[in-house]
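Peer 1: A predicted structure for the sequence below; I have some questions about it.
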Amino acid sequence: MLKPLLPQPSKVQNQKHHAALPYSDISAFMHDLHQRHGISARALEFSILTAARSGEIRGAEWDEIDLNSKTWTIPGTRMKAGREHRVPLSDAAIQLLNELPRFADAENNLVFPSSRGGQLSDMSLLAVLKRMGHRGLTQHGFRFTFRDWADETTEHQREVIEHALAHQLADKAEAGYQRGTLWPKSVALMDNWACYCVGKGFPDA
């Protein structure tokens, strides 16, 4: 009788826990990360500023990024939910992109290419964390850091926070993003996050 009430051992063993850095430590962490050289360090830094998934970062192409409108548009083919996702780019994110090398080879359109060509591996981002002495952290864990910060220290709407994490939204909320009515709130959220990450606090209202 008890068997149906208990989870299968295989499901328990397959669950993954992503340790998250406390948001109170993110400014010091980002300062340290910014001193690190290499494309993997910049990819990790960009992933934190945008709260994006590893695969979205590693597969990012320059054609997806509009520096003038400060927008990164990820096609649905590269998104977990299969829907196009727009990411507001903060000034810190734009500065990072402007400082990246651009390659003359037109076939290499990746924003964060590996030294051997093609995409970085997920392990390359983990290697940066290990070199920094954070062996227990993962890139994905910083999405939890962002979520904890947004939930606990800001008054941003839940729908706006969920959209920043590219989570599935109710049709009404998704329609708001399609019409652009919620876009300014997303811009404000990501600007606030970037300011918090680089230790400048919140910008003036």
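Peer 2: Arrived safely.
Peer 1: where does H18 land on pLDDT?
Peer 2: Predicted confidence (pLDDT) at H18: the value is 64.
Peer 1: Kindly report the same for the one 3 residues further on.
Peer 2: The score at L21 is 95. That number is its pLDDT.
Peer 1: For it, what are phi and psi?
Peer 2: When read as degrees, to the nearest 10, the backbone of L21 gives phi -70, psi 130.
Peer 1: so what's it closest to, chain neighbours aside?
Peer 2: Counting by C-beta to C-beta, 6 or more residues apart in numbering, T145 is the residue found nearest to L21 once chain neighbours are left out, at 5.1 Å. Every C-beta, even on glycine, is put in place using the N, C-alpha and C of the backbone.
Peer 1: Distance-wise, check that neighbour relative to L89.
Peer 2: T145 sits 19 Å away from L89, going by C-beta to C-beta, to the nearest Å.
Peer 1: circling back: contacts only, for the residue nearest to L21.
Peer 2: The neighbours of T145, taking C-beta atoms under 8 Å, 6 or more residues apart in numbering as the test, are 20-23, 26, 48.
Peer 1: Find the helix or strand that it is a member of.
Peer 2: In this structure, T145 sits in helix 141-153 according to DSSP states H and E.
Peer 1: pLDDT of that helix, averaged?
Peer 2: Helix 141-153 shows a mean pLDDT of 96.
Peer 1: in that helix, what counts as buried?
Peer 2: Within helix 141-153, the residues that count as buried by 16 or more other C-beta atoms under 10 Å are 141-147, 149-150.
Peer 1: Among the residues you listed, which pair sits farthest apart?
Peer 2: Greatest spacing in these, by C-beta to C-beta: G141 and A150 (15.0 Å).
Peer 1: returning to that earlier point: most neighbours of all the contacts of T145, which one?
Peer 2: Neighbour counts for those (other C-beta atoms under 10 Å) peak at I48, which has 25 neighbours.
Peer 1: That one reaches F144, doesn't it?
Peer 2: No. Proximity of I48 to F144 does not meet the contact threshold set by C-beta atoms under 8 Å, at 11.6 Å.
Peer 1: got the buried residues for the next helix or strand after the helix holding T145?
Peer 2: The first helix or strand that comes after helix 141-153 along the chain, using DSSP H and E, is helix 158-164. Using 16+ other C-beta under 10 Å as the test for burial, helix 158-164 gives 159-164.
Peer 1: just those now: which is nearest L67?
Peer 2: Nearest to L67 among the buried residues of helix 158-164, with distances taken as C-beta to C-beta, is A164, at 19.8 Å.
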